[in-house]
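**Q** no FASTA, just this:
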């Protein structure tokens, strides 16, 4: 009854962004979204349900989380307990192999791994779709980290219809993502808070929903065709249109800093010099650059010169959830 | 017949922005806008029509402009010649007392002064409204610089209906504008080009037009009531929603740099510390800070400490067009 199960899930970068909840309790998004799972960054999570425990014990990177910090983990455990009809507390131990400084969302890999480990530890054998629905309840972007490669999260309209689905799970296309560490500090406005302000106050939010619908319809065939330029152009304009929601919110805010703006210019300079690459960024100042593997040497050399070697991290398309 | 006439016009800062043309030939804007004319920055322009000339001669700050650089000036002169039925070439000499580095639009004061000097030199006695229509043909923002104080430019739908009108010409309200010089370089994307890209490609442009209509309806009574907080909040969100159009354009661009983002944060910090002030910015990185005169010492001290004394320029509400 106290079998420990370990699962591994990788983080992902949205190419068409998720920016806004339609239902904060069920974690239903305002729009569908599409991401690329990355190989370099992942979370290993071990869960054991133990009848001798008097409360859930949650440890992340060897640090025990308090009641408040562990509330989202316990929420997912509660959902598993309800489904498995097993009212036992659990021991959860999680290790993030995601450089926090890189501005990569560790919550995506963390809640996907938790869904995988907790459900199996409780004796459930969920489908990938149901795992993505469960991961969603912990963190929206975790919905997509159940799968490898290019993944679409269908917004849906209720708990059953809001899940992720792979578009191309085994990626043979030689593309990569270069993550730049431009600011290692914690963001001032969380993505949760930022989304909420954008939905509630940006006069551009209704048009953003149309942008996403348009971009999704255009990027999916481009990914299937391995049309790098089209995919790159869509992901860059989509990211900027998401960030335009932060400027247009009330109060206005921005995730950019001076280094962000400079790195964006460097990407444009590289393009002008014939090195095809496109940037995206999320709720933080760190740029992620989508490129073709053949161009990695030129791109990393340029940014390592500007920023230092440790600030430039290369990732490739990564796999979906696994158990070990 | 060669009487020289000199006119002086001051620059202005839009509190509700003009960002997009509806008709590039007639210079009709997509939306109305509202500005504050400033006392510190102005252009003196002297015009003389001279039958001995074989071409227009245009000199700005002692530098003779070539055919290309003088084309907008000659366009305004042509309109004056047509109205005055006087087919004589003119000598135009203009001196800008606008620090180019401050990111203040010298074209606003320049074309307002040109309209005033050229029309009188040609023997026309135009109304203020017709002067603002004439200035508009040289530069959109010049439409508003015919008047002092708080000025509204009515978008209109044709040449006759697109003109400026003062809301409060003699300002007794003790407010000021602090201009920060954050980057003295010439902007990469001209406002003309930036507007055009925003209108043509930003999916948020239709909503921007509604933002302007809403902000104008709200800011006018607030100015009349001298309601500083409401005016400040509107001008800051309006500026950011204009800049969201640059991020959401295709290709995306931004007028911000690192110093812009830092200065925005300093304004928010000052507000949090009880010093009421609000920023706006146009097609460049330099912030302009709207404040009450009583708070000028605290605000200028803070920015002079950050940026150096010469980078912080104080202006007050200024007068309309005059002849000398």
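**A** Structure's in. What do you need? In this text, all values refer to a predicted model and were calculated from it rather than measured experimentally.
**Q** drop to CA atoms for contacts and neighbour counts, all remaining ones
**A** Fine.
**Q** how about the residues of the stretch 151-300 of chain A that lie near chain B?
**A** With Cα under 8 Å from any Cα of the partner chain as the criterion, the stretch 151-300 of chain A comes near chain B at residues A:203-204, A:207-208, A:211, A:237, A:240-241, A:243-245, A:247-252, A:256-259, A:261.
**Q** and these, which of them are in helices?
**A** Applying DSSP state H to these, the entries found in helices are A:207-208, A:211, A:237, A:240-241, A:243-245, A:247, A:258-259, A:261.
**Q** the closest residue to chain B within the stretch 151-300 of chain A: neighbour count?
**A** As assessed by Cα to the nearest Cα, chain B sits closest to residue A:258 within the stretch 151-300 of chain A, at 3.4 Å. Residue A:258 sits with 16 neighbouring residues when counted by other Cα atoms under 10 Å in any protein chain shown.
**Q** repeat that for residue A:294.
**A** By other Cα under 10 Å, the residues close to residue A:294 number 12.
**Q** related to what we said a few turns ago, the ones in helices among the residues of the stretch 151-300 of chain A next to chain B: which two are farthest apart?
**A** Taking Cα to Cα, the two most distant members of these are A:207 and A:259; they sit 28.9 Å apart.
**Q** give the buried residues for the helix or strand harbouring residue A:216.
**A** Assigning secondary structure by DSSP states H and E places residue A:216 in helix A:205-224. By neighbour count with 16 or more other Cα atoms under 10 Å in any protein chain shown, helix A:205-224 contains the buried residues A:205, A:207, A:208, A:209, A:211, A:212, A:215, A:216, A:219, A:220, A:222, A:223.
**Q** dump these to JSON lines, plus distance to residue A:272 and pLDDT.
**A** Converted to JSON lines, those look like this (distance: Cα to Cα, whole Å; pLDDT from 0 to 100):
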{"residue": "A:205", "distance to residue A:272": "32", "pLDDT": "98"}
{"residue": "A:207", "distance to residue A:272": "30", "pLDDT": "98"}
{"residue": "A:208", "distance to residue A:272": "28", "pLDDT": "98"}
{"residue": "A:209", "distance to residue A:272": "31", "pLDDT": "98"}
{"residue": "A:211", "distance to residue A:272": "26", "pLDDT": "98"}
{"residue": "A:212", "distance to residue A:272": "27", "pLDDT": "98"}
{"residue": "A:215", "distance to residue A:272": "24", "pLDDT": "98"}
{"residue": "A:216", "distance to residue A:272": "27", "pLDDT": "98"}
{"residue": "A:219", "distance to residue A:272": "23", "pLDDT": "98"}
{"residue": "A:220", "distance to residue A:272": "26", "pLDDT": "98"}
{"residue": "A:222", "distance to residue A:272": "22", "pLDDT": "98"}
{"residue": "A:223", "distance to residue A:272": "23", "pLDDT": "98"}
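**Q** mind putting the residues you listed in a markdown table, distance to residue B:134 included?
**A** Shown next, in a markdown table, are the buried residues of helix A:205-224 (distance: Cα to Cα, whole Å):
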| residue | distance to residue B:134 |
| --- | --- |
| A:205 | 38 |
| A:207 | 36 |
| A:208 | 39 |
| A:209 | 42 |
| A:211 | 39 |
| A:212 | 43 |
| A:215 | 43 |
| A:216 | 47 |
| A:219 | 48 |
| A:220 | 51 |
| A:222 | 50 |
| A:223 | 53 |
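**Q** what residues are up against the closest residue to the residue of the stretch 151-300 of chain A closest to chain B other than its chain neighbours?
**A** With Cα to Cα, 6 or more residues apart in numbering or on different chains as the measure, residue B:258 is the residue that lies nearest to residue A:258, at 3.4 Å, once sequence neighbours are left out. Neighbour list for residue B:258: A:257, A:258, A:259, A:261 [criterion: Cα atoms under 8 Å, 6 or more residues apart in numbering or on different chains].
**Q** biggest strand in chain A, by residue count?
**A** strand A:33-49 (DSSP state E).
**Q** also compute the angle for that one relative to helix A:205-224, please.
**A** 90 degrees (axes from the mean of the first three to the mean of the last three Cα atoms, to 10 degrees).
**Q** and stretch A:248-259, average pLDDT?
**A** Confidence for stretch A:248-259, expressed as mean pLDDT, is 95.
**Q** if you could redo that for stretch A:11-27, that was the one I meant.
**A** For stretch A:11-27, mean pLDDT is 97.
**Q** burial of residue A:292, as a residue count?
**A** 18.
**Q** er, residue A:4 I mean
**A** Count around residue A:4 with other Cα under 10 Å applied: 19.
**Q** distance of the closest residue to it other than its chain neighbours from residue A:70?
**A** Nearest residue to residue A:4 in three dimensions, chain neighbours excluded: residue A:48, at 4.3 Å (Cα to Cα, 6+ apart). According to Cα to Cα, to the nearest Å, residue A:48 stands 16 Å off from residue A:70.
**Q** the more surrounded of the two?
**A** residue A:48 (23 against 16).
**Q** let me see the contact set for the more buried one.
**A** Contacts of residue A:48 by Cα under 8 Å, 6+ apart are A:2, A:3, A:4, A:5, A:90, A:91, A:92, A:118, A:121, A:122.
**Q** quickly note the distance from the last one to residue A:89.
**A** Residue A:122 is 10 Å from residue A:89, where distance means Cα to Cα.
**Q** quick check: neighbours shared by the two?
**A** With Cα under 8 Å, 6+ apart as the test, residue A:122 and residue A:89 both reach residue A:49.
**Q** what are the buried residues along the helix or strand hosting residue A:22?
**A** Assigned by DSSP H and E, residue A:22 belongs to strand A:21-23. Of all the residues in strand A:21-23, those buried under the rule 16+ other Cα under 10 Å are A:21, A:22.
**Q** output the contacting helices and strands for it.
**A** Applying 3 or more Cα pairs under 8 Å, 6 or more residues apart in numbering or on different chains; DSSP states H and E, we find strand A:21-23 packed against strand A:28-29, helix A:191-201.
**Q** gap between that strand and the chain center?
**A** 17 Å (Cα atoms, centre = their mean, to the nearest Å).
**Q** who touches it?
**A** Contacts for strand A:21-23 (Cα under 8 Å, 6+ apart): A:27, A:28, A:29, A:30, A:195, A:196, A:199.
**Q** any chance of these in CSV, plus distance to residue A:147?
**A** Formatted as CSV, the contacts of strand A:21-23 follow (distance: Cα to Cα, whole Å):
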residue, distance to residue A:147
A:27, 18
A:28, 18
A:29, 18
A:30, 21
A:195, 24
A:196, 27
A:199, 28
